[in-house]
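> Got a predicted structure here, sequence first:
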Amino acid sequence: MSRDQRNELSAKEPATGVEWDSYFDLRWRVLRKPWNQPRGSEQDSLEDKSFHLMIQDATVTLAVGRLHLNGPEEAQVRYMAVDPAHQGSGLGRKILQTLENRARSQGVKRIVLNSRANAVGFYARRGYETIGPGETLFGEIQHTKMCKDLTPPSVDKKSG
């Protein structure tokens, strides 16, 4: 797939049963299967209260991500996954930007996430700062807790 073709793809919410199946399948294949985790481990109790995004090419899901509220001013990004054949193509950035826009529209002031080591640079380039160690998943996948302030920087308006 060319860069132009990828740029034409847009993020959308899964709507049909087939889209939901494909959405959860990509999450499982990228985030759970390599650690021999069963199907179903790619979901949690917040699915119904979350905002989900996917990018598809025809019927093939290439990237996914989820946002849920931790409180009125804080949201959390979870389950970001890009098909390995399309990593580095800008699809993850597109998902993340759309999740951030959704958070802003909900009045969220800060986004937190737990990044795997191989994605810390991706999030740092998008304005996320490391705030400490995160969880260790499956006893071996160390995460870094990161956050991003969504409030615009204050402008000092001194009159002169």
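Sure thing, it's come through.

> how about the helices in this protein?
3-8, 17-31, 91-105, 120-124 (DSSP state H).

> Which strands and helices lie in contact with the last one?
Counting contacts by 3 or more C-beta pairs under 8 Å, 6 or more residues apart in numbering; DSSP states H and E, the secondary-structure elements packed against helix 120-124 are helix 91-105, strand 110-116, strand 141-149. Where you see a C-beta, it was placed from the backbone N, CA and C, and this is true even at glycine.

> Reformat these as JSON lines; add distance to Pro14.
Listed next are the helices and strands packed on helix 120-124 as JSON lines, based on distance: least, C-beta to C-beta, whole Å:
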{"stretch": "helix 91-105", "distance to Pro14": "13"}
{"stretch": "strand 110-116", "distance to Pro14": "20"}
{"stretch": "strand 141-149", "distance to Pro14": "25"}
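
> Just put these in TSV and tack on mean neighbour count, mean pLDDT and distance to Trp20.
As requested, those are exported to TSV (neighbours: other C-beta atoms under 10 Å; pLDDT from 0 to 100; distance: least, C-beta to C-beta, whole Å):
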stretch	mean neighbour count	mean pLDDT	distance to Trp20
helix 91-105	19	96	16
strand 110-116	19	96	22
strand 141-149	17	93	25
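
> I'd like to know which of those is closest to Val64.
Checking those against Val64 by C-beta to C-beta gives helix 91-105 as the closest, at 6.9 Å.

> what's the angle from that closest one to strand 141-149?
Counting by axes from the mean of the first three to the mean of the last three C-alpha atoms, to 10 degrees, helix 91-105 lies at 50 degrees to strand 141-149.

> about what we covered before: in a markdown table, list the helices of the chain along with distance to Gln43.
Shown next, in a markdown table, are these (distance: least, C-beta to C-beta, whole Å):
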| stretch | distance to Gln43 |
| --- | --- |
| helix 3-8 | 27 |
| helix 17-31 | 6 |
| helix 91-105 | 18 |
| helix 120-124 | 23 |
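
> which stretch among these comes nearest Asp149?
helix 91-105 (11.2 Å).

> Which strands and helices lie in contact with that closest one?
Partner elements for helix 91-105 (3+ C-beta pairs under 8 Å, 6+ apart): strand 11-12, strand 51-57, strand 60-69, strand 74-82, strand 110-116, helix 120-124.

> Other residues contacting that helix?
6, 9-11, 51, 53, 55, 62-67, 75, 77, 80, 82, 111, 122-123, 126, 148, 150 (C-beta atoms under 8 Å, 6 or more residues apart in numbering).

> distance of Tyr123 from Gln37?
Counting by C-beta to C-beta, to the nearest Å, the gap from Tyr123 to Gln37 is 23 Å.
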